[in-house]
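Colleague: Any chance you could fold what I've pasted below:
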Amino acid sequence: MASSALLLMALLLLSCSSMGSAARRLEEYPPHPTVPELPKPELPPHPAVPELPKPELPPHPTVPELPKPELSPHPAVPELPKPELPPHPAVPELPKPELPPHPAVPELPKPELPPHPAVPELPKPELPPHPAVPELPKPELPPHPAVPELPAHPAVPELPKPELPPHPAVPELPKPELPPHPAVPELPKPELPPHPAVPELPKPELPPHPVVPELPKPELPPHPTVPELPKPVVPEVPKLPELPKPELPHTIVPEIPKPELPHPAEP
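Modeller: Down below sits the predicted model:
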């Protein structure tokens, strides 16, 4: 308990000191310098794109007519003979077995347990009060530079749609004529013999249940007494020294100009 309280206090003091040093570093930072604007580079104009001639496509070839396939007639299905099954044997009825009555089970007495000893209440350890955390000031940031507006894109002209020759007409193919299906005769249902009767089986004789003897009561030893624990002594947390503030140099980042790309000329 004492070691865990010491660790918690040391972690709290370290976090407070690091937050205070970070706030002081933010207060001592110099303001950002102004960055000059760089001139925009001039690019040569895009060359004009010539128009391409329309390709001439050859006409589609004609599709020849296919001959009709000749199909052979279906063979006749012969009739199947009826199967003959033997009669089922008679099953005798089985007799019901006679079971002896269950013996009565005697009730066992409940064991008597000694009373539980009273547990003394332990005193609560006294912890030192929490140190107050100071409020950090908000850092002041310089305003963002203004972003210049970009020029609008020129309008793109619409290109003419190419004209394609019409597709040739495909002739309809005649439907092949199929012979009619032969009629399938109905098969008769087979006749099954009745089920035989099941004979009764004799009832088995079971031996009687043995008598359960009474068990003696177990003797339990008394519970031991719990001694009182001494109060833990919490040592004072030592004060940590303040760390020096590091001075970091600030680098100037120049702005990169955006290149202007010309759009293709109208055909």
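Colleague: element containing Pro128, please.
Modeller: Assigned by DSSP states H and E, Pro128 belongs to no helix or strand.
Colleague: doesn't Val234 make contact with it?
Modeller: Yes. The criterion here is Cβ atoms under 8 Å, and Pro128 meets it with Val234 at 7.0 Å. The C-beta positions use only the backbone N, C-alpha and C, and glycine is treated the same way.
Colleague: out of the two, which sits in the busier spot?
Modeller: Val234 (15 against 11; other Cβ atoms under 10 Å).
Colleague: Could you report the pLDDT at the more buried one?
Modeller: Among the per-residue scores, Val234 holds a pLDDT of 77.
Colleague: need the strands for the stretch 151-267 of the chain, in chain order.
Modeller: In the stretch 151-267 of the chain, no strands are defined using DSSP state E, counting those that start in this stretch.
Colleague: Low-confidence stretches in it?
Modeller: Across the stretch 151-267 of the chain, the ranges flagged by pLDDT under 70 are 246, 248-254, 259-267.
Colleague: Poorly predicted segments of the stretch 1-150 of the chain, please.
Modeller: Ranges of the stretch 1-150 of the chain meeting pLDDT under 70: 1-2, 29-33.
Colleague: residue contacts, Lys203?
Modeller: When contacts are counted by Cβ atoms under 8 Å, 6 or more residues apart in numbering, Lys203 is found next to Pro95, Lys96, Pro97, Glu98.
Colleague: secondary structure element for the first one?
Modeller: Looking back up the chat, that one is Pro95. Using DSSP H and E, Pro95 sits in no helix or strand.
Colleague: how near is it to His102?
Modeller: 22 Å (Cβ to Cβ, to the nearest Å).
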